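In: With the sequence up front, the predicted model follows.
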There are 2 protein chains.
Amino acid sequence: MQLFLSKFKNKIDQKGRVSIPSQFRNILFQDGSQKMFCYPSLDAEAIDAGGDSLSRDIYALMDNLDPYSDEKDFLSTALFGLSEELRIDSDGRVILSDVLIQHAKIRDEVIFVGLGQKFQIWEPNRFSNYLQEAQKKVREQRLLLSKKNKGF
Amino acid sequence: MQLFLSKFKNKIDQKGRVSIPSQFRNILFQDGSQKMFCYPSLDAEAIDAGGDSLSRDIYALMDNLDPYSDEKDFLSTALFGLSEELRIDSDGRVILSDVLIQHAKIRDEVIFVGLGQKFQIWEPNRFSNYLQEAQKKVREQRLLLSKKNKGF
DNA sequence: AAAAATACCATGTTATCCCATAAATACCCA
DNA sequence: TGGGTATTTATGGGATAACATGGTATTTTT
């Protein structure tokens, strides 16, 4: 399985179009779909995005919940109610919706960040702050992890 | 399993290309992949790099985490977001990304240092400083150890 | 009709491929 | 062992393809 790795900075033009980094695009295209599945990230000011496998994972997650629970209703509203399948045009670009743009406080540049099975889209400054925090956490965690994981 | 051993100094050309030392390249090619997996070293001004086995170790590490926790998001941002799989071209060269170059403060020459299951890429002067300190530390340690373990 | 979405085209930049060269290494055979 | 030949390797350059990005034209929506 191909993973989303690394990060890329791209511009948004006057029409609101952004190129999806080719590395990510190729992964999305692998299952034949010309869509990018995305929704406002639940715990960050960013957009979560991915391909068919991501949307399938989320469907599967929902299926495991009690059909008549509040929890399921909340989650399906938060995820499916706000998720979109953006069409990827012939040049590999998408147009982000207003809802997504406002949630992530995006202007005219974005950062695509690979997270393995999905990726996120950030406003650049906001992302560099988040990254610093994340790196701090990793350094703390690593002490624990390194006992089990050789080499890393 | 083949180990990355010894060190090699190579040049970066005007296009940003560096030859991977053939000894290392052969190990990378063993599992058929044309990629070099790498990321900014966590505790040194250097680039950590390796092949499939290194990336698999890290993927496995992430698999153990709760898929929808923000702990996982933090870790995958710092690990996946900063990792790259650089394509090795037909002449055995890669192009290091800006992020990696800036982290390791690399200019037009690098040193590849074998560390067993992975290797590091250093700016030459920075590496020789690091090496001197490391040797000093080893000598100090050895004095302590030798009291218990003669012969080392 | 106006606005938005889509297709299509153009451009500069960068990455990728292919080939050339020189040095180093491995190989071979008398 | 020596001496010469072939092979590998690092490195440079030119040609080509891919990519991000901007623009214009055409279609669709409302």
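Out: Looks like it arrived, so ask away. Numbering: from 1, shown residues only, chains lettered A, B, ... in the order given.
In: Low-confidence stretches in chain A?
Out: A:143-152 (pLDDT under 70).
In: That one: helices as residue ranges?
Out: With DSSP state H, the ranges of helices along chain A come out as A:22-29, A:52-63, A:70-79, A:98-104, A:124-145.
In: and the residue most central in space within chain A, what are its bridge partners?
Out: Residue closest to the mean C-alpha point of chain A, counted by C-alpha atoms, centre = their mean, is residue A:48 at 2.5 Å. Beta-bridge partners recorded for residue A:48 (DSSP bridges): residue A:39, residue A:120.
In: who are the neighbours in contact with the spatially closest residue to residue A:57 that is not a sequence neighbour?
Out: Counting by C-beta to C-beta, 6 or more residues apart in numbering or on different chains, residue A:57 lies nearest to residue A:117, which is 7.1 Å off, once chain neighbours are set aside. For glycine as for every other residue, the C-beta is placed from the backbone atoms N, C-alpha and C. Taking C-beta atoms under 8 Å, 6 or more residues apart in numbering or on different chains as the criterion, residue A:117 is in contact with A:1, A:3-4, A:50, A:53-54, A:57.
In: Kindly report the same for residue A:100.
Out: Contacts of residue A:100 by C-beta under 8 Å, 6+ apart are A:38-40, A:47, A:84, A:106, A:121.
In: Closest one of these to residue A:29?
Out: residue A:38 (15.8 Å; C-beta to C-beta).
In: Surely the closest one is in contact with residue A:51?
Out: No: between residue A:38 and residue A:51 there is no contact under C-beta atoms under 8 Å: 10.2 Å.
In: Give me the neighbour count for residue A:47.
Out: Around residue A:47 there are 25 other residues, counting by other C-beta atoms under 10 Å in any protein chain shown.
In: can you redo the contacts of residue A:117 as TSV with neighbour count?
Out: As requested, the contacts of residue A:117 are exported to TSV (neighbours: other C-beta atoms under 10 Å in any protein chain shown):
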residue	neighbour count
A:1	8
A:3	18
A:4	26
A:50	24
A:53	17
A:54	21
A:57	15
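In: Cheers, nothing more for now.
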